[in-house]
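[1] Return a 3D structure for these sequence lines:
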Amino acid sequence: MHPKDRAAGDSRRLFICSAGFLTRPRLRRILQLAGWSPRIGLPGPGDHVGIWGNSPVAWRGKALAARRGAGLVRVEDAFLRSILPGRARGPVARRGPIGLLIDPVGLHFDPEAPSLIETLVHATETRSHLDRARQGIARLIAADLSKYNAHLPQVAPPAPGYVLVIDQTRGDASLLGAGRADFLEMLAAARDENPGLPLVLRSHPETARGLRPGHFTQQDLRPGETFCDGAVSPWALLRGAARVYALSSQLGYEAMLAGHRPRVFGRPFYAGWGLSDDQHPLPRRSPAGIEQLFAASHLLAPVWYDPCRDRLTDFEGALDQIEAEARAWCQDHAGHLAYGIRLWKRPFMARFFGCGGGVRFAAKPGPGVTMAWANRAAETSGALRIEDGFLRSRGLGAALVPPLSLVADDLGIYYDPGRESRFERLMTQPLPPGGHARALRLGRHLVESGITKYNLAGPPPVLPPGHRILVPGQVEDDASIRLGAGDVRTNLALLERARAENPQAVLIYKPHPDVEAGLRPGLIPQAELSRLADVVARNTAADALMGQVDEVWTMTSTLGFEALLRGLPVTTLGAPFYAGWGLTRDLGPVPARRQARADLARLIHCALIAYPRYFDPASGLPCPPEIAVERLRDPAFAAGGPGLRWLAKAQGALTGHAWLWRR
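    Okay, here's the model as predicted:
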């Protein structure tokens with residue numbers, strides 16, 4: 001039985017000789033969830049001894065297991081690990097691995113005996129395994145993810161057409177004793193076998209960070225040869241390579257995943273399957289396809305961990321999590337100087353964007369500002385524009401409930417049709433592998449869970465029979481109205497237009513929650529409401545209303561997007577982010593540049609997956625949108641706290657003095 005198939009309550013004793021198993025919380029937690037109970041002491045014949053790969057102290061565990069007649073379990077990082085190497089410093093590095101190889105069979109990088117991966121390669125020939133492997137390889141490459149993920153898209157690889165020679169850290173256990181002479185032999189072969197082609201020597205990420213030395217030095221370079229030790233994507237490097245040379249580096253395996261046939265000078269787990277040109281044959285291994293190898297190495301052998309849910313997951317779940325963390329680190333690694341952030345927002349902003357050099361707050365715009373709240377961004381130049389995402393919270397922003405999602409737009413902002421936004425750019429690009437199915441699945445979960453932007457409770461009123469049109473009110477000084485509305489710019493004008501064009505319909509007007517709470521402008525006089533609306537749905541959950549109406553008319557409300565998720569026809573009188581893509585009837589001034597025709601899956605993927613960032617307050621980690629949905633589904637979840645609740649009450653009492661709390 002594979003370790004991850006055991007329930008944590010049916011744990012087996014795992015005796016360890018290295019303190020790292022006990023002092024690294026996530027490592028210990030993954031082992032526990034996989035059915036192991038790490039401890040110190042003397043094992044019995046039915047117990048196991050755990051060792052870390054072939055570390056310098058692994059001999060102790062081997063000797064203990066042999067002496068006590070216990071089994072031996074080798075533990076190593078999985079091939080999708082983290083943002084930073086484990087030896088790096090700081091809170092991001094201290095998170096630990098997202099997955100482990102817990103191997104009771106052997107050691108994947110030691111070819112003297114089979115390992116768990118090796119035993120699984122020819123057990124993965126079913127169509128479901130191969131299809132899932134093909135999808136996994138495509139997703140991994142499209143998401144730009146590797147073992148370590150501190151690479152930056154703006155760091156370009158060398159000009160294409162080079163021979164890539166991959167270095168490793170000195171003394172790495174996977175080298176099985178190979179040293180500098182072996183790497184120089186590989187370098188000489190790369191030169192001899194590729195005359196006239198430039199060579200690029202790729203440093204290991206730990207060497208590039210000064211954590212451990214490599215084997216190559218600047219003195220090894222000849223004219224036309226270069227070192228590559230920057231934060232360049234491994235997949236970008238592989239795309240530009242004409243040939244790849246590796247000893248046992250994981251990058252050699254990723255070269256195979258990217259379609260290369262690398263020259264391999266060691267005896268790593270990925271050699272000997274007929275997919276590489278091997279300096280040292282491994283006759284025990286028989287030919288296999290790359291999908292079989294990937295299914296064994298990434299889908300079946302590892303134990304993957306979901307740190308937000310604190311439970312085991314599968315490869316796809318781990319990839320979703322690391323993708324969210326990598327995206328956050330990429331944006332935050334250099335730190336931020338933020339402007340235009342209200343005082344009450346600053347603590348959660350510091351947590352939300354704290355995946356690198358931290359967040360400082362500026363009182364005035366000026367040089368060095370890297371982000372600004374979107375309505376203050378015009379005072380800065382080149383800063384990210386920050387705004388709430390579309391899955392926000394269980395409660396109102398004006399009531400000081402912090403958001404689970406924010407957008408950080410480097411081009412414009414989604415509610416301003418006057419200039420291109422990153423959202424619009426995403427809408428013109430193809431979805432990543434698996435993106436269509438993931439988007440529809442996420443949209444379905446939202447609808448089934450009744451989740452909307454604010455997720456306020458309240459039963460719907462009794463609605464008269466007839467063709468029912470929901471007309472959502474908005475905050476009239478909201479930026480989406482100021483920048484995105486057409487001739488119809490007030491709630492009263494919206495209701496009048498809807499009535500004029502639908503004289504026989506049942507109009508249900510839903511006031512905006514912030515307006516209803518008395519926090520923002522947009523009230524319609526009662527006499528006008530009585531004249532135009534058949535029903536005024538006060539303090540009503542948006543989801544409950546949308547389940548009883550036939551269509552929606554709106555200026556720029558996010559409720560129009562939520563209606564599209566539920567299959568309702570939507571008429572827009574402004575230019576909201578979801579208008580102009582062929583999914584709505586648009587009567588407002590939609591930008592002519594929105595030429596792409598999109599289906600609902602593309603809209604969901606861009607709006608809820610690719611464009612926003614999410615932060616899980618329970619784990620303190622960046623997270624995928626699926627985690628945000630689970631938090632919002634939980635009625636006990638509250639992202640704020642007593643301090644903010646008291647501040648919100650004070651704000652309500654001082655609505656006439658907004659300068660006190662909007663600074």
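[2] Any idea how many residues pack against Arg13?
    Around Arg13 there are 17 other residues, counting by other CB atoms under 10 Å. From N, CA and C alone the C-beta is placed, and that goes for glycine too.
[3] who are the neighbours in contact with the spatially most central residue of the chain?
    In the chain, the residue lying closest to the centroid (CA atoms, centre = their mean) is Ala324, at 1.8 Å. The neighbourhood of Ala324, defined by CB atoms under 8 Å, 6 or more residues apart in numbering, consists of Arg613, Tyr614, Leu621, Pro622, Cys623, Pro624.
[4] how about a cut-off of 6 Å?
    Neighbouring residues of Ala324 by CB atoms under 6 Å, 6 or more residues apart in numbering: Pro622, Cys623, Pro624.
[5] Now, those residues that are in strands?
    In strands, defined here by DSSP state E, the members of these are Pro622.
[6] Quick one: which of the contacts of Ala324 is the most crowded by neighbours?
    Most neighbours among those, by other CB under 10 Å: Cys623, with 28 neighbours.
[7] mind checking how far the nearest residue to it once chain neighbours are set aside is from Leu175?
    Nearest residue to Cys623, sequence neighbours excluded (CB to CB, 6 or more residues apart in numbering): Asp616, at 4.0 Å. From Asp616 over to Leu175 the distance is 38 Å, taken as CB to CB, to the nearest Å.
[8] need the helices for the stretch 151-300 of the chain, in chain order.
    Secondary structure of the stretch 151-300 of the chain (DSSP state H, counting those that start in this stretch): helices at 180-193, 205-208, 234-240, 250-257, 290-294.
[9] So which of those is nearest Ala439?
    Of all these, it is helix 234-240 that lies closest to Ala439, at 23.0 Å by CB to CB.
[10] Which residue is most remote from the mean position of the protein?
    Max radial position in the chain (CA atoms, centre = their mean) goes to Ala527, at 49.1 Å.
[11] Which elements pack onto the helix or strand hosting that residue?
    Using DSSP states H and E, Ala527 maps to helix 526-532. Counting contacts by 3 or more CB pairs under 6 Å, 6 or more residues apart in numbering; DSSP states H and E, helix 526-532 packs against helix 491-501.
[12] Following the chain onward from the helix it packs on, which element is next?
    strand 506-510.
[13] List the contacts of that next one.
    464, 466, 468-472, 495, 498, 533-537.
[14] Check which residues of that strand are buried.
    When burial is assessed from 16 or more other CB atoms under 10 Å, strand 506-510 yields the following buried residues: Val506, Leu507, Ile508, Tyr509, Lys510.
[15] in the sheet, who's paired with the third one?
    To tie it back to what came earlier, the one meant is Ile508. Leu470, Val535 (DSSP bridges).
[16] Could you point out which residue ranges in the stretch 401-550 of the chain have low pLDDT?
    For the stretch 401-550 of the chain, the stretches flagged by pLDDT under 70 are 455-457.
[17] what are the ranges of the helices in it?
    422-427, 435-449, 479-484, 491-501, 513-516, 526-532, 542-546.
[18] so how far is the fourth one from its chain's centroid?
    From the chain centre to the centre of helix 491-501 is a distance of 41 Å (CA atoms, centre = their mean, to the nearest Å).
[19] Nearest residue to Gly20 in space, please, no chain neighbours.
    Per CB to CB, 6+ apart, closest to Gly20 is Trp52, 6.5 Å.
[20] give me the number of residues near that neighbour?
    Trp52, neighbours per other CB under 10 Å, totals 20.
[21] Phi, psi for Glu387 please.
    When read as degrees, to the nearest 10, the backbone of Glu387 gives phi -160, psi 160.
[22] Report the spatially nearest residue to it, omitting neighbours in sequence.
    Sequence neighbours aside, Ala374 is the residue nearest to Glu387 in space, at 4.3 Å (criterion: CB to CB, 6+ apart).
[23] Contacts only, for the one you found.
    Arg385, Glu387, Ile413.
[24] Same check on Asp534?
    Counted by CB under 6 Å, 6+ apart, Asp534 has contacts Pro464, Val506, Leu507.
[25] next one: Ser203
    Residues in contact with Ser203, defined by CB under 6 Å, 6+ apart, are Asp167, Gly214, Asp229.
[26] and with 7 Å instead?
    Asp167, Gly214, Phe227, Cys228, Asp229 (CB atoms under 7 Å, 6 or more residues apart in numbering).
[27] From Ala189, how far off is it?
    For Ser203, the distance to Ala189 (CB to CB) stands at 19 Å.
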